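Enquirer: no letters, just coordinates:
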């Protein structure tokens with residue numbers, strides 16, 4: 001193969017399958033603090049779907065669970081640390 005054709009070929013990438021962050025047995029619930037705390041940043045913000053690698057339905061359920069936990073004072077609204 002000559003150089004002119006070689007320029008247009010894309011290099012093959014090997015993808016490694018990532019494990020989903022939420023397993024099928026995990027319950028998305030406001031009482032499950034070990035699960036919820038994985039999806040909150042250090043400042044107390046809810047991490048985006050892109051960062052979490054969640055489906056849309058899972059992200060919605062996580063968001064609702066975090067908000068319920070905040071209202072019930074299980075989680076702080078802000079995590080202020082100096």
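Expert: Thanks, I have it. Remember, predicted model here, so these are calculated numbers, not experimental data.
Enquirer: can you pull out the helices in this protein?
Expert: 3-6, 33-36, 49-52, 56-71 (DSSP state H).
Enquirer: of all the ones you listed, which lies closest to residue 16?
Expert: Nearest to residue 16, of all those, is helix 49-52, at 18.0 Å by CB to CB. Quick note: C-beta positions are derived from backbone N, CA and C, even for glycine.
Enquirer: can you say which of the helices of the chain is packed in most?
Expert: helix 56-71 (a mean of 16; mean count of other CB atoms under 10 Å).
Enquirer: what is that one packed up against?
Expert: Using 3 or more CB pairs under 8 Å, 6 or more residues apart in numbering; DSSP states H and E, the elements in contact with helix 56-71 are helix 33-36, helix 49-52.
Enquirer: so can I have a markdown table of the helices of the chain showing mean pLDDT and distance to residue 16?
Expert: A markdown table is the format used below for these (pLDDT from 0 to 100; distance: least, CB to CB, whole Å):
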| stretch | mean pLDDT | distance to residue 16 |
| --- | --- | --- |
| helix 3-6 | 61 | 26 |
| helix 33-36 | 91 | 24 |
| helix 49-52 | 91 | 18 |
| helix 56-71 | 94 | 21 |
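Enquirer: looking at these, which is nearest to residue 20?
Expert: helix 56-71 (8.7 Å).
Enquirer: export the helices and strands packed on helix 56-71 as CSV, with columns for distance to residue 63.
Expert: Shown next, in CSV, are the helices and strands packed on helix 56-71 (distance: least, CB to CB, whole Å):
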stretch, distance to residue 63
helix 33-36, 10
helix 49-52, 10
